[in-house]
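Enquirer: next comes the sequence, and after it the predicted model I'd like to discuss.
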Amino acid sequence: MFPAAWGLTSGTCVQDGVLYAGLKTGQMLAVDAAKGSLVWSFPGEGPCYGSPLLYRDVLYYGSLDRRLYAIDVRRGRMLWNFPVHGWIEGSPAADAGTVFVGARSGDFYAADAKLGVQRWQAKLDGRIVGAPACSAGRVFIGTQSAMFYALDAASGKTVWSVKAAGPIDGGSCVGQDRVFFGDRSGQVYAINAADGKPAWPQPVKVSGPVAASPIIVDRVIYGGTADGSTCWGIDIDAAVIGWSQPVANEGAVCRPPLFANDQLVFVSRGWQRGLVGYAMAAPSQHACCTAKGAIQIDGDLSEPEWKQSPRLPIFLKHNGMQVGDPVDARLMWDGTRLLFGITVTDANLQAAAANRDDDLARDDSITITLDPNRGGLAVPVLRVSANGVQADALITGLGRDAADPKLAEELADLKLEQTGPAWNPEWQAAVRLQGSLNNPGDQDTSWTAEIAIPFASLPPALFNPKPGPNTTWLANVIVHSIGNGPAPAPEHRTWCVSSVLDPGSLGAPSRWMPFQLDAKTVDEFAEQPKK
């Protein structure tokens, strides 16, 4: 619509198929996102540098003409404008019928969302160029004098404030009872929203200055740097960078990233403006080699075959972050069985279950999920705890729409005799401990599990084709650790070979690790040239 791309100065927002954006000329546009045609244009008197905000069917945006505008999105007509004492470079926020916005003068305002009249004004230390965030009756905002404030949303009074190491140009995000923001010194902070105390022992240093608001997905903070060096993800529990990637074309990240449909998207600017996306994808295909000799299922992984077999991909936390390397897992087959050898590093081994199919939620345990037909139709789930207790179930329709009539037809065709926890196949598991169970005072180091799953124990209807060389299945291996927290609320930790955003779920089969039964023995595989 507008060949001069530099003329687009604002961020964007979209609702009901209409996208809103501002131009350097002062125009605010409403564009049909599907057709690319103009719905309406409002002739503002100054450019919008922040992102417009849709709230209760009204579009709010701040302008360099020192006004906060409210536009009727149906007609493109101004409802009111609210004058302030400085340029508005950031984005507004709204909550409980009030719109909040800051100005470069250091003044921060609360205006009635319907009437456009001032509810209160607060003078803060430093220029405000970022966007506020609202949560639980408070408004959070940073300034270029490196001050970060929590204000009472009703009165504007300062509840608490903290000093950062550098100017705060971007906004913040709130989640898990904490507020997160970055500064120009390249540090990212986590502050307890209630009292303003640090939630991390120290800020996390990223590769460059932070000028955009981060976002929180599950228990990860995602953001980028203003010098175009990296995009990054910070595990909010471990306070470490668990993922980072260079920004395409070294473009500055000055807008918050977006996350939807397992896609993380960054917009960058520079000599070559860019749009870069990252998908939370499944690991690459794994080679399941043939065991050379007979494997005894005794929990002892000292056989040469285990050491020679390819290691499964690095285990991730359930939120997709790589923090440490707590699990070493190997996978083989011997013609009639799948064989897993798994070692888990754990300083406090715990397990209380005693009987087959007991609930292992409070035990250190390993879960193996298999999807032979690669559609989530019927998924064997096999669990073993650190004291060797086994549990199993056959889950049907995993990742499928339960209301889909085809699902019932496909399940009927399988003619499964037992499903759910009533399914009790014959499989073997043996464990060995390097330490002792349920004794926090001892020096535990790890535990191992050796698992054999006979093909004959699985429903034959799942095999199409039958297991053999070049057959490819999907699998996920999930390790659950109780940690050191006391009951009834222990510290749960989860690692998995395929990303599982919900720690209480098995994840989406479409993102599980594919593995192929290979005719090569483990020593033949080890001898072949590395690619």
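Expert: Structure received. Numbering: from 1, shown residues only.
Enquirer: from L312, how far off is A508?
Expert: Going from A508 to L312 by Cβ to Cβ, to the nearest Å gives 18 Å. Yep, even glycine has a C-beta here, placed from its N, CA and C like the rest.
Enquirer: tell me which of these two has more neighbours.
Expert: L312 (22 against 19; other Cβ atoms under 10 Å).
Enquirer: how much space separates that one from V497?
Expert: Computed as Cβ to Cβ, the L312 to V497 distance reads 5 Å.
Enquirer: now do the shared contacts for these two.
Expert: A329, V477, M513 (Cβ atoms under 8 Å, 6 or more residues apart in numbering).
Enquirer: ok, the first one - contacts?
Expert: Applying Cβ under 8 Å, 6+ apart, one finds that A329 lies in contact with R311, L312, F315, F340, G341, I342, T343, V477, V497.
Enquirer: what's the neighbour count on the first one?
Expert: Think R311. For R311, the neighbour count with other Cβ under 10 Å is 12.
Enquirer: from memory it sits against L331, does it?
Expert: No - counting by Cβ atoms under 8 Å, L331 is not a contact partner of R311; they are 9.0 Å apart.
Enquirer: now do the strands in the stretch 351-500 of the chain.
Expert: Counting by DSSP state E, counting those that start in this stretch, the stretch 351-500 of the chain has strands at residues 365-371, 378-385, 390-396, 428-434, 446-454, 472-481, 493-496.
Enquirer: out of these, which is closest to E409?
Expert: E409 sits nearest to strand 390-396 of all the strands of the stretch 351-500 of the chain, at 12.7 Å, using Cβ to Cβ.
Enquirer: ok and the closest one relative to strand 365-371, angle-wise?
Expert: On the basis of axes from the mean of the first three to the mean of the last three Cα atoms, to 10 degrees, strand 390-396 is oriented at 30 degrees to strand 365-371.
Enquirer: residues in contact with strand 390-396?
Expert: The list of residues contacting strand 390-396 from outside it, by Cβ under 8 Å, 6+ apart, reads 353, 356-360, 377-385, 411, 416, 418-421, 423-425, 427, 429, 459, 506.
Enquirer: for F100, list the residues it contacts.
Expert: Contacts of F100 by Cβ under 8 Å, 6+ apart are P92, A93, A94, F108, Y109, A110, A111, P132, C134, V139, I141, A153.
Enquirer: now the second one: closest residue in space that isn't a chain neighbour?
Expert: Meaning A93. By the measure of Cβ to Cβ, 6 or more residues apart in numbering, the closest residue to A93 outside its immediate chain neighbours is P132, 4.4 Å from it.
Enquirer: then the third one?
Expert: Setting aside the residues directly before and after it, A94 is nearest to Y55 in space (Cβ to Cβ, 6+ apart), at 4.1 Å.
Enquirer: bridge partners for that neighbour, pull those for me.
Expert: V58 (DSSP bridges).
Enquirer: what pLDDT does the model give it?
Expert: Y55 carries a pLDDT value of 95.
Enquirer: from what I see, it and K114 are in contact.
Expert: No - look at Y55 against K114 with Cβ under 8 Å: they stay out of range, at 10.5 Å.
Enquirer: tell me the domain ranges of the chain?
Expert: 1-113, 124-279, 286-527 (automatic domain parsing).
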